[in-house]
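Visitor: quick one, what's the 3D model for this:
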Amino acid sequence: MSAFRPKLLDCLPDYDRAQFGRDVSAGLTVGVLALPLAMAFAIASGVDPAAGIWTAIVAGFLISALGGSRVQIGGPTGAFIVIVYGIVAQYGLANLLIATMLAGLILIGMGLARLGALIRFIPVTVVIGFTNGIAVLIFISQIKEFLGLDMEALPAEFFAKMKVLAANLPHTDLPTLALASASLVLLVVWNKRIAGKVPLLGKLPGPLAVLIAGTVAQSLLEFPVETIGSRFGGIPQSLPAFAFPELTLSTLRNLISPAITIALLGAIESLLSARVADSQIDDRHDPNQELLAQGVANVVAPLVGGFAATGAIARTSTNVRAGGRTPVAGMVHALTLLAVVLVAAPLASDVPLATLSAILMVVAWNMGEWHEFKELPRYSMNYRAILLSTFFITVVFDLTLAVEIGMVLASLFFIYRMSELTKVAPLSLPDWAAGQPVAAYSLYGSLFFGAVGKLQTLLDQHAQGTQVLILDLHQVINLDTTGLDTLEALQRMLAKRGGCLILAGLNAQPGSLVSRSGFADDVGTDNLVDSLAEAWQRAAILLPRDEAGGSPSHA
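Guide: Numbers count the residues shown, from 1 in each chain. As a prediction, this is how the structure comes out:
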């Protein structure tokens, strides 16, 4: 797009009452689905459940109203749990809000710089690796609540976390385990047996159905388990206070790295979600506009106590299946959550944390692409190494480090593969050139820093004797400065003994670099020819007549 323009403006000219009805229905459906997820994601992230709800309301509304996708639903997501939990544990809640706002500014900068398309360059192996790794970490993070372990917050470090969980397993709370297990079974059965199959009940999202069932059971039977009311004092039935977190230069310096992590993950997940939605509605989103909307949402949400938000694949897909086709559905989803908070907030006090943990465990299972592990034997060693390394480092060490190493491995393997595809093959000499100080080679592929070693061998092979060296480059699609430097070395070597280099069939990109660098003047424009036949004719002219077998016409 030539200008930044929200998708909402593109949808309004053809908007009608029928589509409004479908959008309202879809927005209500996604809104009730988002309620338990927003609370569960917030609690798992180490913050108040109200923070998750206000993130879904404020960020969800802004992402839909300003975004570059027709159907994107924004809010807190499972992918952020690990990052947010780590930031809260290390820097505190106030600094989480600052880091989120910084991430929003980074996302706005990425959108203004039109970097949306670059996010697509992240290999699918890296995306699958860290997505599956995050799913494992979310699942592990819910073991404490699922078993009702009476302990302090889990350590952020993986091995320390597993050690603490193992030490506390004997102290499992049986009522909590029973309620969590019942919630888990009900959710699985609901998703597989009831959703979409039973009239009326089948239209109720599984997480909301389990949330209602668990809350009603807790209200009536008063199980001795932790609830939102017992731990957090419930959810305030009012609008949050608008506040700007206190910021210092030292704090800002410490939060740059977490902010970059939030921004990159938010960009990846939101654009991945938008791409999935595009395939479902046969549309095309604007990635730069989407990054701008994500950035604004992450700057504004912390001002009302919210935290990191991005596009949510599951809720976006639910919106599409429910009939949502414009950003109005996402805005209705946010308003639905707002109405729930203002009307029914007191009912949240009896929501059992065990039920929310069961919901999150199913979310973690569904977000992982576990079938990819089964299919690994079908793929190359490079594919397996990138995916498994990213997965392992995500689980054991750090998400940011996992993505960095995954990208480095992908780049190294790509360089190796491209260098393997680059070929340098000798060409047969014409009869007149037999025994003469002339040689010719055909190059294929990309002549870049990873493949110049194959060309450098020519420096050794023709260090003595050769007067004319012909390189047929019509199958070379790319030339970088390292490749150009090697060509210049060949030219200097030949020029020292009065010889020359002839380049034939330069394509657009290599030809442009040769011209812009001034190398064309060093070689000589007469020695830059369009075809191999012209190169032989030029060589016949350059070689002495008695050595060339007489007239150049013999060429």
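
Visitor: kindly list the longest strand within the chain.
Guide: Longest among the strand segments of the chain by residue count, using DSSP state E, is strand 468-479.

Visitor: what strands flank that one, and is each parallel or antiparallel?
Guide: With DSSP bridges as the test, strand 468-479 is paired with strand 438-447 (parallel), strand 500-504 (parallel).

Visitor: is it possible to get TSV of these that adds mean neighbour count, distance to residue 228 and mean pLDDT?
Guide: Heads up, the C-betas are built off the backbone N, CA and C, glycines and all. As requested, the strands paired with strand 468-479 are exported to TSV (neighbours: other C-beta atoms under 10 Å; distance: least, C-beta to C-beta, whole Å; pLDDT from 0 to 100):
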stretch	mean neighbour count	distance to residue 228	mean pLDDT
strand 438-447	21	58	91
strand 500-504	22	73	93
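
Visitor: which residues touch the next helix or strand after the longest strand of the chain?
Guide: Scanning forward in sequence from strand 468-479 by DSSP states H and E, the next helix or strand is helix 481-496. Contacts with helix 481-496, where a contact means C-beta atoms under 8 Å, 6 or more residues apart in numbering, come from 447-449, 451-452, 455-456, 458-459, 462-463, 466-469, 471, 500-501, 503, 513-514, 517, 519, 522-523.

Visitor: then stretch 103-113?
Guide: With contacts defined as C-beta under 8 Å, 6+ apart, stretch 103-113 is touched by 4, 116, 259-263, 266-267, 288-292, 294-300, 308.

Visitor: name the helices or strands packed onto the lowest-mean-pLDDT helix or strand in the chain?
Guide: In the chain, no helix or strand scores lower on mean pLDDT, DSSP states H and E than helix 452-461, which sits at a mean of 78. Secondary-structure packing of helix 452-461 (3 or more C-beta pairs under 8 Å, 6 or more residues apart in numbering; DSSP states H and E): strand 423-426, strand 438-447, helix 481-496.

Visitor: redo these as JSON lines? Include distance to residue 186.
Guide: JSON lines is the format used below for these (distance: least, C-beta to C-beta, whole Å):
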{"stretch": "strand 423-426", "distance to residue 186": "61"}
{"stretch": "strand 438-447", "distance to residue 186": "56"}
{"stretch": "helix 481-496", "distance to residue 186": "62"}
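
Visitor: mind checking which of the ones you listed is nearest residue 75?
Guide: Between residue 75 and those, the shortest separation by C-beta to C-beta is 43.2 Å, and it involves strand 438-447.

Visitor: how much does that closest one deviate in direction from helix 452-461?
Guide: 160 degrees (axes from the mean of the first three to the mean of the last three C-alpha atoms, to 10 degrees).

Visitor: returning to what we had before: which positions within the least confident helix or strand of the chain qualify as buried?
Guide: 452, 454-455, 458 (16 or more other C-beta atoms under 10 Å).

Visitor: so how far is residue 400 from residue 92?
Guide: Residue 92 sits at a distance of 19 Å from residue 400 (criterion: C-beta to C-beta, to the nearest Å).

Visitor: more neighbours: which of these two?
Guide: Neighbours were counted for residue 92 and for residue 400 using other C-beta atoms under 10 Å; residue 400 has more, 19 against 12.
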